[in-house]
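In: Compute the structure for the input listed below.
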Amino acid sequence: MSADSSSSTVTSAARPATPAFKPVGVIDIGATSIRMAVAEIGEGGAVRTLETLSQAVSLGKDTFIKSAIDKATIEQCVRVLKSYRARLQEFQITHPSQIRVVATSAVREAENRLAFLDRIYIATGLEVEPLEEAEVNRITYLGIRPLLEGHTAQADARTLVIEVGGGSTELLVVRGESVLFSHTYRLGSMRLRETLEAYRAPTIRLRHIMESQIARTVEQVRQHVSADGPVDMIALGGDVRFAASELLPDWDHVSLARLELVDLTRLTDRLLNLTDDQIARRYHLSFADSENVGPALLTYVQLARAFDLPHVLVTHVTLRDGLLKEMAAEEAWTEEFSNQIIRSALDLGRKFEFHEAHARHVAELSRMLFRQLRGEHQLDGRYELLLFIAALLHEIGLFVSNRSYHKHSMYLIRNSELFGLGRRDALLVSLVARYHRRSSPLPTHEGYATLDRDQRVAVAKMAALLRVAVALDESRSQRVGEVKCAAEDGRVVVSVPGLEDLSLEQLALDQSGTLFEETFGMPVLLRTVRS
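Out: I've put the predicted structure just below:
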């Protein structure tokens, strides 16, 4: 916290980047401060941080108490971001592709968030992207992944990666490098602090109220994370970094710091017995950080106690590190991250007892069709993953009922945790699954009317491809293992080698409706090819 909480922290002097490096800047608009990291991205995606800056703001106080950001706070953010923009120009960081600005819960939940975003853009030219909860989890994973690679946990141990922020608590449960679970809880140090403002009670009584509030979220975490098997905990966030710096003054900020729970508890108790002014003076923290450090550390302590952990591991990784990793990868979804999303979808499918062999095969056929018909659908690569996930989950509605199960599939997908997918992407996946059978998309259908034209077209294209893939495994025997697609004489011909009779699959395709022809202007013909 101390490094992020000062008015500015410079890690090196500004200098022009060498030709081999691309200079970039990322800005994180949080509940208590606006932080920026300037870095160079080298060949192979290596990231070298040049400078970090931080300025305190009161966004969270406005949003979590009044549900809207005050005009004065907006102008305060404008001043900070103008100064950051000028600093970026000194590093020759001027093109939009070199800059990413994100905002978390304090902006995302504000009733006047659009007015805030517009004012920032008009005043600074910076486009602020409010991150959905799933996106925060995704970016956090990208930042923490290098640490997980070197973290030697017990065999089969799960690691809880937890960050208590101003407005929410983010949880990732990983084993090795695989994400098993992710969730965002509406418990944050600032939200908790502002809830306590309503109470007029002695300090001891306020401590009890705070612990009761935290205990509710801790119980939710315990329900989501079973107590079976070994567990350890890696904590992120400015408050716990401050604790690590206080308790371990020789910490190198590169390796994981190990805080004994007894020491962390003593520091937490000491802070909760001080006034905000006393904390600010004694520990050289901003007033906003002084208000929130006690509640945040108390949350970490209670989480560790809930899992009988003797210590807490602390990392210096921040959201900005994840953003820089993402910029270095030059794409939002790397292959490894796509695999994490697929694992999450498979876990969801198993939860609802799907026919896994059929689902996996339809997904692979969908991928083949997507790649071979790229010239027809002209969708970018991210839609390939969305189609793959929809194919995996298109029948999970059968868990509810055989009747209208495609609608049940849509509901379950929209209302389940899928790691790495935001609400909009989850909606697209759910709609593609819904339209794998029966009627074509209609404006009156739930969710479909909320999409813009490009998204509606993408859903229709993906659903049309999914219908062909489903028809190709109508026998549920996975006998169609390979296909080759080509546009011929106003038709799309799907050639299947090694099979003499495709009448069952062609009948299924004919019965699935005319969505493909409506969308692409061409019918589909299946053709056998002698091997």
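In: Okay, and residue 479 sits in which element?
Out: Taking DSSP states H and E as the definition, residue 479 sits outside all helices and strands.
In: Just the local confidence number for it, please.
Out: The pLDDT attached to residue 479 in the predicted structure is 94.
In: repeat for residue 433
Out: The model reports residue 433 with a pLDDT of 97.
In: In contact with it, which residues?
Out: Counting by CB atoms under 8 Å, 6 or more residues apart in numbering, residue 433 makes contact with 390, 393, 394, 396, 406, 409, 410, 413, 466. Every C-beta, even on glycine, is put in place using the N, C-alpha and C of the backbone.
In: again, but for residue 365
Out: 391, 468, 469, 472, 473, 480, 483 are the contacts of residue 365 under CB under 8 Å, 6+ apart.
In: could you redo the last one with a cut-off of 6 Å?
Out: The contact partners of residue 365, taken as CB atoms under 6 Å, 6 or more residues apart in numbering, are 469, 472.
In: what does the one 3 residues further on give?
Out: Counting by CB under 6 Å, 6+ apart, residue 368 makes contact with residue 483.
In: which sections of the stretch 401-531 of the chain are below the confidence cut-off?
Out: Applying pLDDT under 70 to the stretch 401-531 of the chain flags the ranges 531.
In: Helices of that one, start to end?
Out: Along the stretch 401-531 of the chain, counting by DSSP state H, counting those that start in this stretch, helices occupy 405-414, 423-434, 453-472, 503-511, 515-520.
In: related to what we said a few turns ago, ok, and the most crowded of the contacts of residue 433?
Out: Compared across the contacts of residue 433, residue 394 has the highest neighbour count, 34 neighbours, by other CB atoms under 10 Å.
In: How many residues are close by the residue nearest to residue 156 when sequence neighbours are not counted?
Out: Leaving aside its sequence neighbours, residue 156 sits nearest to residue 229 (CB to CB, 6 or more residues apart in numbering; 5.9 Å). By the criterion of other CB under 10 Å, residue 229 has 11 neighbours.
In: what's the answer for residue 268, then?
Out: When neighbours are counted by other CB under 10 Å, residue 268 comes out with 22.
In: Now do it against residue 312, distance only.
Out: 11 Å (CB to CB, to the nearest Å).
In: What residues sit buried inside stretch 439-449?
Out: 441, 447, 448 (16 or more other CB atoms under 10 Å).
In: now for the top helix by length along the chain, which elements pack on it?
Out: In the chain, with assignment by DSSP state H, the single longest helix is helix 203-224. Counting contacts by 3 or more CB pairs under 6 Å, 6 or more residues apart in numbering; DSSP states H and E, helix 203-224 packs against helix 287-306.
In: after the helix it packs on, next one along is what?
Out: The helix or strand immediately downstream of helix 287-306 is strand 311-314, counting by DSSP H and E.
In: ok now the helix or strand just after that next one, how far from the chain's centre?
Out: Using DSSP H and E, the helix or strand that follows strand 311-314 in sequence is helix 319-329. Relative to the mean C-alpha coordinate of its chain, helix 319-329 is positioned 13 Å out (CA atoms, centre = their mean, to the nearest Å).
In: same check, this time on stretch 491-500
Out: 40 Å.
In: Can you list the buried residues in that stretch?
Out: For stretch 491-500, a neighbour-count test (16+ other CB under 10 Å) marks 492, 493, 494, 495, 496 as buried.
In: which residues does the second one contact?
Out: Residues in contact with residue 493, defined by CB under 6 Å, 6+ apart, are 486, 525, 527.
In: From residue 527, how far off is it?
Out: In terms of CB to CB, residue 493 sits 5 Å off from residue 527.
In: For stretch 182-196, output the C-alpha coordinates as CSV.
Out: Output of stretch 182-196 as CSV, limited to C-alpha atoms (Å, rounded to 0.1, in the frame of the first residue of the first chain):
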residue,chain,number,x,y,z
SER,A,182,-13.7,-17.4,-9.4
HIS,A,183,-16.1,-15.1,-7.7
THR,A,184,-16.6,-11.5,-6.7
TYR,A,185,-18.1,-10.7,-3.3
ARG,A,186,-19.7,-7.4,-2.4
LEU,A,187,-17.4,-6.8,0.6
GLY,A,188,-14.8,-4.2,0.4
SER,A,189,-12.9,-2.1,3.0
MET,A,190,-14.5,1.1,2.0
ARG,A,191,-18.0,-0.3,1.5
LEU,A,192,-17.6,-1.9,5.0
ARG,A,193,-16.3,1.3,6.5
GLU,A,194,-19.2,3.4,5.1
THR,A,195,-21.7,0.8,6.4
LEU,A,196,-20.3,1.4,9.9
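In: Can you give me the buried ones in that stretch?
Out: For stretch 182-196, a neighbour-count test (16+ other CB under 10 Å) marks 182-185, 187-195 as buried.
In: The particular helix or strand that has residue 119 in it: how far from the chain's middle?
Out: Element membership of residue 119, judged by DSSP H and E, is helix 113-124. Its chain's C-alpha centre and that of helix 113-124 lie 24 Å apart, by CA atoms, centre = their mean.
In: Surely residue 427 and residue 446 touch.
Out: No: if you go by CB atoms under 6 Å, residue 427 and residue 446 don't touch, sitting 9.9 Å apart.
In: so where do the strands sit in the stretch 151-300 of the chain?
Out: Secondary structure of the stretch 151-300 of the chain (DSSP state E, counting those that start in this stretch): strands at 158-164, 169-175, 178-185, 231-236, 257-260.
In: quick one on the thing from earlier: name the residues of the longest helix of the chain that are buried.
Out: Using 16+ other CB under 10 Å as the test for burial, helix 203-224 gives 207, 210, 213, 214, 217, 218, 220, 221.
In: which one among those gets closest to residue 352?
Out: residue 220 (21.6 Å; CB to CB).
In: Nearest residue to the middle of the chain?
Out: residue 135 (2.4 Å; CA atoms, centre = their mean).
In: quick one: that one is in a strand?
Out: No: Residue 135 is assigned helix when assessed by DSSP: H, G, I helix; E, B strand; the rest coil, not a strand.
In: ok now do it, which residues does it touch?
Out: Here residue 135 is in contact with residue 422 (CB under 6 Å, 6+ apart).
In: Could you list the low-pLDDT ranges of the stretch 251-400 of the chain?
Out: For the stretch 251-400 of the chain (pLDDT under 70), the answer is 330-333.
In: Output stretch 57-75 in PDB with nothing but the alpha carbons.
Out: Provided in PDB are the C-alpha atoms of stretch 57-75 (Å, rounded to 0.1, in the frame of the first residue of the first chain):
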ATOM      1  CA  VAL A  57      -9.500  10.200  -4.900                       C
ATOM      2  CA  SER A  58     -12.800   9.600  -3.200                       C
ATOM      3  CA  LEU A  59     -14.700   7.700  -5.800                       C
ATOM      4  CA  GLY A  60     -15.700   4.900  -3.600                       C
ATOM      5  CA  LYS A  61     -17.000   7.200  -0.900                       C
ATOM      6  CA  ASP A  62     -19.400   8.800  -3.400                       C
ATOM      7  CA  THR A  63     -20.600   5.600  -5.000                       C
ATOM      8  CA  PHE A  64     -21.000   3.400  -2.000                       C
ATOM      9  CA  ILE A  65     -22.800   6.100   0.100                       C
ATOM     10  CA  LYS A  66     -24.700   8.200  -2.500                       C
ATOM     11  CA  SER A  67     -24.700   5.800  -5.500                       C
ATOM     12  CA  ALA A  68     -23.300   8.500  -7.700                       C
ATOM     13  CA  ILE A  69     -20.000  10.300  -8.200                       C
ATOM     14  CA  ASP A  70     -20.000  14.000  -7.100                       C
ATOM     15  CA  LYS A  71     -19.100  16.700  -9.600                       C
ATOM     16  CA  ALA A  72     -16.200  17.800  -7.400                       C
ATOM     17  CA  THR A  73     -14.800  14.200  -7.400                       C
ATOM     18  CA  ILE A  74     -15.200  14.000 -11.200                       C
ATOM     19  CA  GLU A  75     -13.200  17.200 -11.600                       C
END
